Every structure is written in structure tokens, then in C-alpha cells.
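> Sharing a sequence plus its predicted fold:
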Amino acid sequence: MAKKKPFVLRIDPEILKAVEKWAADEFRSVNGQLEWIISKALKETGRYKKGNNQQNQK
């Protein structure tokens, strides 16, 4: 499994509430849901390509 780097996230309480509900609806943790949202956005904009995982973690 790839090594993950922890970081602090400041987020509007209403946005967090919406993400918590979305995560629960999809049986994910909030952390997993945020990681999925970020990954999807990066792929859709061409900023992340599978296989570049090691390069993007530096």
C-alpha cells in the first residue's frame, strides 16, 4: 500500500456536514470520501494520471 502523508484541513462546517452525509451514503469514511473527491477532480482535469503515483507523492 502506498504511504500516505497526513495534513490538517480547515473546512467550513456546512461543507463538512455535506461530505459526512455523502460519505455515509456511499459507505466510506470522511477521509476516504475526500480522497476520492480529490482524486476524481485531479483525473478529470488531467492533473493526475494513474502510474504517476510515485512522482506525485514527493
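Right, received. Where do you want to start?
> CA-only coordinates of the helix or strand hosting residue 22, as CSV, when you get a sec.
Here residue 22, judged by DSSP states H and E, is contained in helix 13-25. What follows is helix 13-25 as a C-alpha-only set of coordinates in CSV (Å, rounded to 0.1, in the frame of the first residue of the first chain):
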residue,chain,number,x,y,z
PRO,A,13,-18.7,23.2,9.0
GLU,A,14,-21.5,23.1,6.4
ILE,A,15,-19.3,21.6,3.8
LEU,A,16,-18.0,19.0,6.2
LYS,A,17,-21.6,18.1,7.1
ALA,A,18,-22.4,17.6,3.4
VAL,A,19,-19.3,15.5,2.9
GLU,A,20,-20.1,13.4,6.0
LYS,A,21,-23.5,12.6,4.6
TRP,A,22,-22.2,11.8,1.2
ALA,A,23,-19.6,9.5,2.7
ALA,A,24,-22.2,7.7,4.8
ASP,A,25,-24.4,7.3,1.7
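> continuing past that helix, what's the next helix or strand?
helix 30-44.
> Would you mark the buried spots in that next one?
33-34 (16 or more other C-beta atoms under 10 Å). (Glycine included, C-beta is placed from N, CA and C.)
> how about that helix as PDB, C-alpha atoms only?
The C-alpha coordinates for helix 30-44 follow below in PDB (Å, rounded to 0.1, in the frame of the first residue of the first chain):
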ATOM      1  CA  VAL A  30     -15.000  11.000   5.500                       C
ATOM      2  CA  ASN A  31     -11.200  10.700   4.800                       C
ATOM      3  CA  GLY A  32     -11.900   8.100   2.100                       C
ATOM      4  CA  GLN A  33     -14.600  10.300   0.600                       C
ATOM      5  CA  LEU A  34     -12.300  13.400   0.500                       C
ATOM      6  CA  GLU A  35      -9.500  11.300  -1.100                       C
ATOM      7  CA  TRP A  36     -11.900  10.000  -3.700                       C
ATOM      8  CA  ILE A  37     -13.300  13.600  -4.500                       C
ATOM      9  CA  ILE A  38      -9.800  15.000  -4.800                       C
ATOM     10  CA  SER A  39      -8.500  12.100  -6.900                       C
ATOM     11  CA  LYS A  40     -11.600  12.300  -9.300                       C
ATOM     12  CA  ALA A  41     -11.100  16.000  -9.700                       C
ATOM     13  CA  LEU A  42      -7.400  15.600 -10.500                       C
ATOM     14  CA  LYS A  43      -8.000  12.900 -13.100                       C
ATOM     15  CA  GLU A  44     -10.900  14.800 -14.700                       C
END
